[in-house]
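> For reference, the sequence and a predicted model appear below.
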Amino acid sequence: MSIESKREADYERRLGERAEMLDRAADRIAELEAQFASVRELYTNRIAIGKERAMAILQLEAQLANHPDTAAWITQFCIEKGKWSIETFGPTDELTGPNYQTITDHIRKELAEIAENPFDLMEWIDVIFLGVDGYFRYDGRELEADLRRKHEINLTRRWPDPTKRKPGSCTEHIRDAAIAAIPEEATKGVE
């Protein structure tokens, strides 16, 4: 084989490798676009979304696109966090007093700290930690599936116009429409 033939073969091989790399990248981009299409559709179809809210959604999409393995990482983290919690605070049956009260009392304390300084992100993280701890201590086993199930339930509910809510008040779903729209078995154990 001549030097020129070797160069051509090497060039073709490198082109093939680059084409494969580009194909993999295109596939990954298509996967990410499909993952976020439902989020985009949901929010672009809302009439009173507002520019600020749309920007927050786009920022969230960008963050998720930069971290495609978030779900796997969260699952692993929750397992590690659960082990630490049991080692540090004891198994569920050894908690002082009714189990749920120790967690809900702690959540209330964290919420008071958030009310004092809502920009302290570590206090929000404390609430997430406590929620995850409560979830697993009360026999939660499929966090990702349950998060998705709850989100699907919320998507089927009717919500009041957020632009008409009183400042400082929460937005809750319209209960009569939500109950009618969701099959009974899908809501067992979910509030």
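Thanks, I have it.

> Quick one, grab the pLDDT at the closest residue to residue 131 other than its chain neighbours.
Using Cβ to Cβ, 6 or more residues apart in numbering and skipping the chain neighbours, the partner closest in space to residue 131 is residue 107 (7.3 Å). Using the backbone N, CA and C atoms, a C-beta is placed for each residue, glycine as well. According to the prediction, residue 107 has pLDDT 94.

> Can you name the residues that contact residue 107?
127, 130, 131 (Cβ atoms under 8 Å, 6 or more residues apart in numbering).

> if I look at the last one, how far off is residue 81?
When Cβ to Cβ, to the nearest Å is the yardstick, residue 131 and residue 81 sit 11 Å from each other.

> between the two, who's got more neighbours?
Taking residue 131 and residue 81 together and counting by other Cβ atoms under 10 Å, residue 81 has the greater number of neighbours (16 against 12).

> can I assume the more buried one is in contact with residue 134?
No: using Cβ atoms under 8 Å, residue 81 is not in contact with residue 134; the gap is 12.0 Å.

> Let me see the mean pLDDT of stretch 175-191.
54.

> Could you do stretch 146-161 as well?
Throughout stretch 146-161, pLDDT has a mean value of 89.

> Pull out the buried residues from the helix or strand harbouring residue 148.
Taking DSSP states H and E as the definition, one finds residue 148 inside helix 143-156. Buried residues in helix 143-156, counting neighbours by 16 or more other Cβ atoms under 10 Å, are found at 143, 153.

> Which residue ranges of this structure form strands?
All residues of the chain lie outside strands when identified by DSSP state E.

> All the helices of the chain, residue numbers only.
Listed in chain order, the helices of the chain (DSSP state H) span residues 3-44, 51-66, 70-89, 99-116, 121-137, 143-156, 175-181.

> In TSV: those helices, plus distance to residue 167.
Listed next are those as TSV, based on distance: least, Cβ to Cβ, whole Å:
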stretch	distance to residue 167
helix 3-44	22
helix 51-66	15
helix 70-89	33
helix 99-116	15
helix 121-137	21
helix 143-156	23
helix 175-181	23
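
> Between those, which one is closest to residue 169.
With Cβ to Cβ as the measure, helix 99-116 is the member of the helices of the chain nearest residue 169 (14.1 Å).

> With only the CA atoms kept, save that closest one in CSV.
Output of helix 99-116 as CSV, limited to C-alpha atoms (Å, rounded to 0.1, in the frame of the first residue of the first chain):
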residue,chain,number,x,y,z
ASN,A,99,-42.3,9.7,63.2
TYR,A,100,-44.1,12.2,60.9
GLN,A,101,-44.2,14.9,63.5
THR,A,102,-40.4,15.0,63.9
ILE,A,103,-40.0,15.6,60.2
THR,A,104,-42.9,18.0,59.8
ASP,A,105,-41.8,20.0,62.8
HIS,A,106,-38.3,20.3,61.3
ILE,A,107,-39.8,21.3,57.9
ARG,A,108,-41.9,24.1,59.7
LYS,A,109,-38.6,25.4,61.3
GLU,A,110,-36.9,25.4,57.9
LEU,A,111,-39.9,27.2,56.3
ALA,A,112,-39.7,29.9,59.0
GLU,A,113,-36.0,30.4,58.1
ILE,A,114,-36.9,30.6,54.4
ALA,A,115,-39.6,33.2,55.3
GLU,A,116,-36.8,35.3,56.9
